[in-house]
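Participant: Build me a model from this:
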Amino acid sequence: MGKKLYLTDLDGTLLNRESTVSCRSRDIINSLINSGTMFTYATARSYNSAKIVTDGLSVKLPIIVFNGAFIYDISKDKFLHSSFFKESDILFFMELSRLYGFTPLVYTFIGGTEKILWNKNGNLSSGFLYYLSKRKNDKRMCAVESLEESFSGEIFYITFIDDYEKLLPMYRSIESIMHFNCIFQQELYRKEYWCEIMPESVDKASAACRLKSILKCDELIVFGDSLNDIPMFKIADRSYAVMNANDRLKQIATEVIGYNYDDSVAVKLSEIEGLDVTEL
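Facilitator: Take a look at the predicted model:
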């Protein structure tokens, strides 16, 4: 029997409405991991953010973060793969920000330390301010004096947060170039939209294929809910969309399972692996 790699999204998929892993899901998944199941996750979150919301899970395999920009080996505390924007890309997004009057969140490494930079003197939408309010204790957050200063370091991820109507023209400008991986979708449980940009080769699919090869697995089985999971679903051997998933994702899934808040990922995993969860 071939080796199976299970890969799940976090927000809206494995995580419940409180953005945590429920006790039941944790117990089921840890039991599976302890019996040899190869389980990990692929998320748009950073490693630090993902670590907080998956507290209690005994994940030992490398994880995929920032939508595939990095593969991080937890056990060895190092990146197995990383992707960054070119200098010409950075200049383009700086000019785009000026043209449309947006203030981006710029995810970068400066001197080997991860930072999230933004121009504190720029236009900050209500969604942007909400994001900042939820990150007051995040040591990566760093307000700077100008747009130019915000585009510093080794940049791997850029995000614009605003209303749909305001962001749409800029998103279309980026998409027309076909030179970047750009995701435009509504924030989970809120009204504002995010326009997230990564280097062209970055997505969960390419990272999942790389990880599958590193771990020498024969089958890739994935779980997700959102548009950024579509590439991963297309290359997986089997794919499961939660009931609350985007309709486009449901259409290409092998199967639609229950809601994220009903422990549906963990229950499906136990079903596939033949684990009796009645005593968990």
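
Participant: Return the distance of the helix or strand L129 falls within from the chain's centre.
Facilitator: Taking DSSP states H and E as the criterion, L129 maps to helix 126-133. Mean-position distance between helix 126-133 and its chain equals 19 Å (CA atoms, centre = their mean, to the nearest Å).

Participant: Next, the buried residues of that helix.
Facilitator: Buried positions in helix 126-133, judged by neighbour count with 16 or more other CB atoms under 10 Å: 127-128, 131-132. The way it works is simple: take the backbone N, C-alpha and C, and place the C-beta from them, glycine included.

Participant: Is F79 in a helix, a strand, or coil?
Facilitator: Here F79 takes the strand state, with states given by DSSP: H, G, I helix; E, B strand; the rest coil.

Participant: Just give me the neighbour total for it.
Facilitator: Neighbourhood size, F79 [other CB atoms under 10 Å]: 14.

Participant: correct me, but it touches F66?
Facilitator: No: in terms of CB atoms under 8 Å, F79 does not count as a neighbour of F66; the distance is 10.8 Å.

Participant: Now do the strands in the stretch 101-250 of the chain.
Facilitator: Taking DSSP state E, counting those that start in this stretch as the test, the strands found in the stretch 101-250 of the chain are 105-110, 113-119, 141-144, 154-162, 180-186, 193-199, 219-224, 238-241.

Participant: Quick check: mean pLDDT of the second one?
Facilitator: Looking back up the chat, that one is strand 113-119. Mean pLDDT, strand 113-119: 95.

Participant: I'd like the strands of the stretch 101-250 of the chain written out as CSV, with mean neighbour count and distance to L57 added.
Facilitator: Output for the strands of the stretch 101-250 of the chain, formatted as CSV (neighbours: other CB atoms under 10 Å; distance: least, CB to CB, whole Å):
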stretch, mean neighbour count, distance to L57
strand 105-110, 20, 24
strand 113-119, 19, 22
strand 141-144, 16, 25
strand 154-162, 22, 24
strand 180-186, 17, 25
strand 193-199, 22, 25
strand 219-224, 24, 14
strand 238-241, 23, 18
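
Participant: Ok, which of these comes nearest I272?
Facilitator: Relative to I272, the nearest member of the strands of the stretch 101-250 of the chain by CB to CB is strand 219-224, separated by 7.2 Å.

Participant: just to revisit the earlier point, weakest of the strands of the stretch 101-250 of the chain in terms of mean pLDDT?
Facilitator: The stretch with the lowest mean pLDDT among these is strand 180-186, which comes in at a mean of 90.

Participant: Need the residues that contact it.
Facilitator: The contact list for strand 180-186, computed with CB atoms under 8 Å, 6 or more residues apart in numbering, reads 67, 89, 164, 167-168, 171, 174-175, 192-203, 226-228, 246.

Participant: what's across from P199 in the sheet?
Facilitator: F180 (DSSP bridges).

Participant: what about D229, neighbour count?
Facilitator: Other residues lying near D229 total 32 when counted by other CB under 10 Å.

Participant: and stretch 173-193, how far apart are its ends?
Facilitator: End-to-end distance for stretch 173-193: 16 Å, by CA to CA, to the nearest Å.

Participant: Repeat that for stretch 183-192.
Facilitator: Here stretch 183-192 reaches across 14 Å from its first residue to its last, counting by CA to CA.

Participant: Which residue would you name as the spatial centre of this protein?
Facilitator: For the chain, the residue nearest the mean C-alpha position is A44 (1.4 Å; CA atoms, centre = their mean).

Participant: Run through the residues that contact that residue.
Facilitator: Neighbour list for A44: 11, 65-67, 196, 228 [criterion: CB under 8 Å, 6+ apart].

Participant: Derive a ChimeraX selection command for the buried subset of the residues you listed.
Facilitator: Taking 16+ other CB under 10 Å as the burial criterion, the selection of buried members of the contacts of A44 in ChimeraX is written as:
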select :11,65,66,67,196,228
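
Participant: From the contacts of A44, pick the one nearest T37.
Facilitator: The shortest gap between T37 and any of the contacts of A44 belongs to V65, at 20.9 Å (CB to CB).

Participant: Specify the beta-bridge partners of that closest one.
Facilitator: In this structure, V65 bridges to F70 when assessed by DSSP bridges.

Participant: Isn't it up against N48?
Facilitator: No: V65 sits out of contact with N48 when judged by CB under 8 Å, with a separation of 9.1 Å.
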